[in-house]
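J.: give me coordinates for this.
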Amino acid sequence: MPATTPPAPTITATETETTAETTAEAAPASPSHPDPRPECPAWPGAGLADIDTPALLLDLDLMRANMAQVHDRILGAGLAVRPHVKAHKCPALARLQLAAGATGICCQKASEAEVFARAGFKDILVTNQLVGRRKLERVAAMAAAGVRIGICVDHALQVAQAAQAAASQASTIEVLVEIDIGHGRCGVQDAAAALELAQAIRDAGPVLRFAGLHAFRGSAQHMRQPQQRREAVQAAVARLREVVDTLQAAGFDCATITGGGTGTYALESTLGLYTEVQPGSYVLMDLDYAANQGDPGEAPLRHALSVLCTVISVAPGHAVLDGGLKAFSVDQGLPRLALPGWNVKGLSDEHAVITPGPGAAPLAVGDKLRLLPGHCDPTVNLHDWLLACRGDRVEAAWPVSARGALF
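T.: From the prediction side, this is the model:
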C-alpha cells in the first residue's frame with residue numbers, strides 16, 4: 001500500500017462520508033496486519049491516463065441519474081426501495097442509495113450481510129434460502145448485535161434451523177416465505193405450502209417473526225419486450241394475491257411483500273400488492289439490461305459502469321488489451337467497446353483481442369479504452385476496487401468490500 005494517505009478530492013456533500021471511509025480503509029496497513037487487497041489502481045484526483053488497468057469505473061453523474069429515476073418512480077408510487085447490493089458489493093455506494101431514500105438493503109448471502117453489518121447497515125434482507133447451523137448462527141449473531149435482519153424460507157428445515165440459531169443467540173430473525181411466481185427457482189408452489197410455513201414460523205415463538213412474502217420473477221427482468229414483461233408480472237401478481245388472501249384469512253398479516261428488479265421496477269410500482277421493490281443493477285447497468293426495449297414513457301437507464309483497459313499490443317488487423325476473462329464476466333456475452341469502430345473478437349485469461357471495422361480510428365500502444373460489461377454483477381465481483389469518476393477524473397476509490405462473499 002502507498003506510504004502516504006491519498007489526497008482528498010473535491011466532492012459533493014453526499015459523497016463526503018463514503019470518500020472519508022475509503023480514505024481510512026485505504027490507509028497503509030500495519031506490518032503485523034497486512035491489508036490483503038491489492039493496491040488501488042488510482043487515488044482520488046487521478047485522471048484516466050493515470051489509472052492502472054484493468055480498472056472498474058463508475059460514472060457518478062450517470063449513476064446518480066439512474067438512481068434518481070428508479071427511486072422517484074418507486075417512492076412516488078408509495079412503495080419502499082430496497083436495493084440489491086449483490087450488484088455492487090460496495091458499502092460506499094449503498095450509503096448513497098440510502099441517502100437517496102432507500103429503506104434498507106438486500107443481499108444474497110450471509111457473508112454479504114456480515115460485510116454490510118460491519119459497515120454499519122442496520123436493515124438487511126437476505127433474499128435467499130440459508131441452510132446450515134453455522135450459517136444461521138452468523139445471521140442470528142447479527143440480529144443480536146442490533147441489525148434488523150430477514151431471511152427467506154421455502155422448507156420447514158430452514159425454519160427449524162433459524163429458530164435454533166436465534167434461540168442460541170437470544171435474538172429474533174425476521175422470516176419471509178418465498179413464493180415461486182414463475183421463475184422456477186426457489187419458493188413454495190402454492191398457498192397451502194406458504195400457510196404451513198407461516199404457521200411453523202409463528203409456532204417457533206419470539207425467536208422468529210413472520211414478516212411477509214418474498215416473490216421474485218427473475219426471468220421477467222430480461223424479457224426484451226415491454227408487453228412480455230407486463231404480462232409476466234401481471235400473472236405473477238395474480239398468483240401472489242391468492243397466497244396473500246389465504247394467509248390473511250388465516251390471520252397472517254403480510255406486512256412486507258418484496259421483489260421485483262431493474263427490469264420490472266415500473267410494473268411492481270403500479271400493479272399493486274408489492275410494498276417494496278429490489279432493483280440492483282440500475283445503478284450500474286450492463287449490455288444485457290440495455291437490450292431490453294424500454295417501457296413507454298420511461299427513459300433508458302445509462303451505462304454507469306465500465307472497465308478501463310490499456311492497449312498493450314498493436315498488429316495489422318487487431319490490437320490487444322490488458323483485460324480478459326479475469327476482468328469481465330462473459331455469461332451474457334462479450335463486453336463492448338465504448339469507442340466506435342472497434343469490436344471485441346475474443347477474451348483469454350488476461351487479454352482481449354479487438355478488431356477494427358471500416359473507418360475505425362487507429363490505436364497506439366498505451367491508449368486507454370472503456371468497455372461495457374455484458375453482466376455487471378459478476379464483473380464487479382472480479383475487482384477489488386470501484387473508482388468513482390466524474391468526467392475523466394477519479395473522485396473516490398471505493399473497496400468492493402463484499403467481493404468473494406459467497407457463503
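
J.: packing partners for the longest strand along the chain?
T.: In terms of residue count, the longest strand belonging to the chain (DSSP state E) is strand 305-315. Using 3 or more C-beta pairs under 8 Å, 6 or more residues apart in numbering; DSSP states H and E as the contact test, the elements touching strand 305-315 are strand 55-59, strand 318-321, strand 368-372, helix 376-380. C-beta: built from backbone N, CA, C; applies to glycine.

J.: is it possible to get JSON lines of the ones you listed that adds mean pLDDT and distance to Asp331?
T.: Shown next, in JSON lines, are the helices and strands packed on strand 305-315 (pLDDT from 0 to 100; distance: least, C-beta to C-beta, whole Å):
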{"stretch": "strand 55-59", "mean pLDDT": "98", "distance to Asp331": "17"}
{"stretch": "strand 318-321", "mean pLDDT": "98", "distance to Asp331": "20"}
{"stretch": "strand 368-372", "mean pLDDT": "98", "distance to Asp331": "15"}
{"stretch": "helix 376-380", "mean pLDDT": "97", "distance to Asp331": "7"}
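
J.: so which of the ones you listed gets nearest Arg95?
T.: Minimum separation from Arg95 across the helices and strands packed on strand 305-315 (C-beta to C-beta) falls at strand 55-59, 13.8 Å.

J.: in which helix or strand does Val233 reside?
T.: Per DSSP states H and E, Val233 falls inside helix 226-249.

J.: in that helix, what's buried?
T.: Using 16 or more other C-beta atoms under 10 Å as the test for burial, helix 226-249 gives 226, 229-230, 232-233, 236-237, 239-240, 243-244, 246-247.

J.: with stretch 284-296 instead?
T.: Neighbour count says stretch 284-296 has 284-289, 292, 295 buried, by 16+ other C-beta under 10 Å.

J.: do stretch 324-341 as well
T.: 324, 327-330, 332-337.

J.: distance between the ends of stretch 274-289?
T.: 22 Å (C-alpha to C-alpha, to the nearest Å).

J.: on that earlier part again, now intersect the buried residues of stretch 324-341 with the strands, please.
T.: Going by DSSP E, the strands hold 336-337 from these.

J.: let me know the closest of the buried residues of stretch 324-341 to Phe121.
T.: Set against Phe121, the nearest of these by C-beta to C-beta is Ser329 (25.4 Å).

J.: mind listing what the closest one touches?
T.: Listed by C-beta atoms under 8 Å, 6 or more residues apart in numbering, the contact set of Ser329 reads 373-375, 377-379, 381-382.

J.: now it: closest residue in space that isn't a chain neighbour?
T.: Ranked by C-beta to C-beta, 6 or more residues apart in numbering and with sequence neighbours excluded, the top spatial neighbour of Ser329 is Pro378, at 3.6 Å.

J.: thinking again about what came up before, may I see the contacts of Ser329 organised as TSV, with distance to His214 and neighbour count added?
T.: Shown next, in TSV, are these (distance: C-beta to C-beta, whole Å; neighbours: other C-beta atoms under 10 Å):
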residue	distance to His214	neighbour count
Pro373	27	29
Gly374	27	22
His375	23	19
Asp377	19	20
Pro378	22	17
Thr379	26	25
Asn381	23	18
Leu382	28	19
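
J.: now, which of these sits nearest His84?
T.: Asp377 (8.8 Å).

J.: what about that closest one, distance to Ala396?
T.: 21 Å (C-beta to C-beta, to the nearest Å).

J.: report the two of the contacts of Ser329 separated the most.
T.: The farthest-apart pair in those, when distances are taken by C-beta to C-beta, is Gly374 and Asn381, at 13.8 Å.

J.: buried set for the strand or helix carrying Lys135?
T.: Element membership of Lys135, judged by DSSP H and E, is helix 133-144. Across helix 133-144, burial judged by 16+ other C-beta under 10 Å covers 135-144.

J.: which parts of the chain are helices?
T.: 13-25, 60-76, 91-99, 110-118, 133-144, 156-169, 191-203, 226-249, 265-268, 287-290, 376-380 (DSSP state H).

J.: figure out which of the ones you listed is closest to Glu178.
T.: Across these, Glu178 has its closest neighbour in helix 191-203 (8.8 Å, C-beta to C-beta).

J.: can you give me every residue that contacts Ala119?
T.: 91, 94, 401.

J.: got a list of what the residue minimising distance to the centre of the chain touches?
T.: Centrality entry for the chain: nearest residue to the mean C-alpha point is Ala87, 1.9 Å, by C-alpha atoms, centre = their mean. Listed by C-beta under 8 Å, 6+ apart, the contact set of Ala87 reads 280-281, 283-284, 376-377, 380.

J.: over to Ala215?
T.: 178-179, 181, 187, 236, 240, 257-259, 274.

J.: name whatever forms a beta bridge with it.
T.: Gly259 (DSSP bridges).

J.: as CSV, the contacts of Ser329 with distance to Met63 would be great.
T.: Converted to CSV, these look like this (distance: C-beta to C-beta, whole Å):
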residue, distance to Met63
Pro373, 15
Gly374, 19
His375, 17
Asp377, 15
Pro378, 19
Thr379, 15
Asn381, 18
Leu382, 19
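
J.: which one of the residues you listed is nearest to Pro362?
T.: Pro373 (25.4 Å).

J.: right, and that closest one touches Asp286 too?
T.: Yes - here Pro373 reaches Asp286: they are 5.1 Å apart, a contact under C-beta atoms under 8 Å.

J.: poorly predicted segments of this protein, please.
T.: Applying pLDDT under 70 to the chain picks out residues 1-37, 218.

J.: quick one on the thing from earlier: mind putting the buried residues of helix 133-144 into a markdown table with distance to Pro41?
T.: Output for the buried residues of helix 133-144, formatted as a markdown table (distance: C-beta to C-beta, whole Å):
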| residue | distance to Pro41 |
| --- | --- |
| Lys135 | 33 |
| Leu136 | 37 |
| Glu137 | 37 |
| Arg138 | 32 |
| Val139 | 34 |
| Ala140 | 38 |
| Ala141 | 35 |
| Met142 | 32 |
| Ala143 | 37 |
| Ala144 | 38 |
